[in-house]
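Q: Need coordinates for the below:
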Amino acid sequence: MTNKKEITAGIIIIGNEVLSGRTKDINTSTLAKWLNSLGIEVKEVRIIPDIEKIIIETVNKLRKRFNYIFTTGGIGPTHDDITAESISKAFNLEYGFHKEAYSILEKYYKPGQFNDGRQKMAKMPTTANLILNPTSGAPGFYIENVFCLPGVPSILESMIGGLNNVLIGGDPILNITINLRTVESEIAHSITLIQNKNKDVEIGSYPFFRAGKLGVSIVLRSADKNKLDQCNLEILKLVNSKRIEIVENV
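A: Residues are numbered from 1 along each chain as shown. Sure thing, here's the model as predicted:
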């Protein structure tokens, strides 16, 4: 069975700290793996600064191109957290205190601790749907097909499961990985021929270096299990014919 309809997503990582290298982007990997498991294929990732005009332009461009958009970062309590207000402007919606979000945060903090900075985390498009946060209280939100999540990886990861019943995916993307003790130049031509015969299977080739030795991971991805298995057999036949060692643990 093939994927009846391709469901696509784009990811927008927002934050000067990522662009400067001070913060490592882990969220792309977390989101992509989760979305693939739902049958949603990530087609594009962008990393952009905390600049309102750029956020608005990027969101408006990508939300028309893909089924879903996920933003990370910029919804915290500090002055440079401008994602929520920028999203409001992108959709021409009122930006202000979201009643439900305000209530959640007011209850989350002890009396006297719900200061101006923490109150800011309840400001967003006032008609937004909330994404509940089981880790630190402050919710994310979504408008139409744009989902806004925090930049802290552990908090983001704790929140995305709550969206499993909100998103509509296609057939889950299946994958097989074959780790080989070889170099890409040894198998490149043969892999190209196999790829040309298996259009419904994406074949990726990724070099690795472990224990002082070179190797290549061949990753097969498809929504069609039968075609994935057939392609896998062709790869294994190639490996056997060239007497290439398969590496179990990489």
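Q: Is it correct that residue 142 is in contact with residue 129?
A: Yes. The criterion here is CB atoms under 8 Å, and residue 142 meets it with residue 129 at 5.2 Å. C-beta: built from backbone N, CA, C; applies to glycine.
Q: since we're on residue 168, how many residues are nearby?
A: The burial metric for residue 168, expressed as a neighbour count using other CB atoms under 10 Å, is 12.
Q: for residue 52, same thing?
A: 13.
Q: go on, residue 176?
A: As a burial measure, residue 176 scores 15 neighbours (other CB under 10 Å).
Q: When residue 142 and residue 129 are compared, which one has more neighbours?
A: residue 142 (22 against 15).
Q: Check which helices and strands the helix or strand hosting that one sits against.
A: The secondary structure element spanning residue 142 is strand 140-143 (assigned by DSSP states H and E). Contact here means 3 or more CB pairs under 8 Å, 6 or more residues apart in numbering; DSSP states H and E; on that basis strand 140-143 packs against strand 123-125, strand 129-131, strand 146-149.
Q: helix or strand right after the longest one?
A: The first helix or strand that comes after strand 146-149 along the chain, using DSSP H and E, is helix 153-160.
Q: buried stuff in that following helix?
A: Of the residues in helix 153-160, those buried by neighbour count under the rule 16 or more other CB atoms under 10 Å are 153, 155, 156, 157, 158, 159, 160.
Q: and which of the residues you listed is nearest residue 29?
A: Using CB to CB, residue 153 comes nearest to residue 29 of the buried residues of helix 153-160, at 9.2 Å.
Q: Using PDB, write out every CA atom in whichever strand or helix holds residue 46.
A: Secondary structure assigned from DSSP H and E places residue 46 in strand 40-48. Output in PDB follows, covering the C-alpha atoms of strand 40-48 (Å, rounded to 0.1, in the frame of the first residue of the first chain):
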ATOM      1  CA  ILE A  40       4.300  13.400   8.100                       C
ATOM      2  CA  GLU A  41       7.400  14.200   6.100                       C
ATOM      3  CA  VAL A  42       9.600  17.200   7.000                       C
ATOM      4  CA  LYS A  43      10.400  18.900   3.700                       C
ATOM      5  CA  GLU A  44      12.200  22.000   4.900                       C
ATOM      6  CA  VAL A  45      14.000  23.400   8.000                       C
ATOM      7  CA  ARG A  46      14.900  27.000   8.500                       C
ATOM      8  CA  ILE A  47      16.900  28.700  11.300                       C
ATOM      9  CA  ILE A  48      16.000  32.400  11.600                       C
END
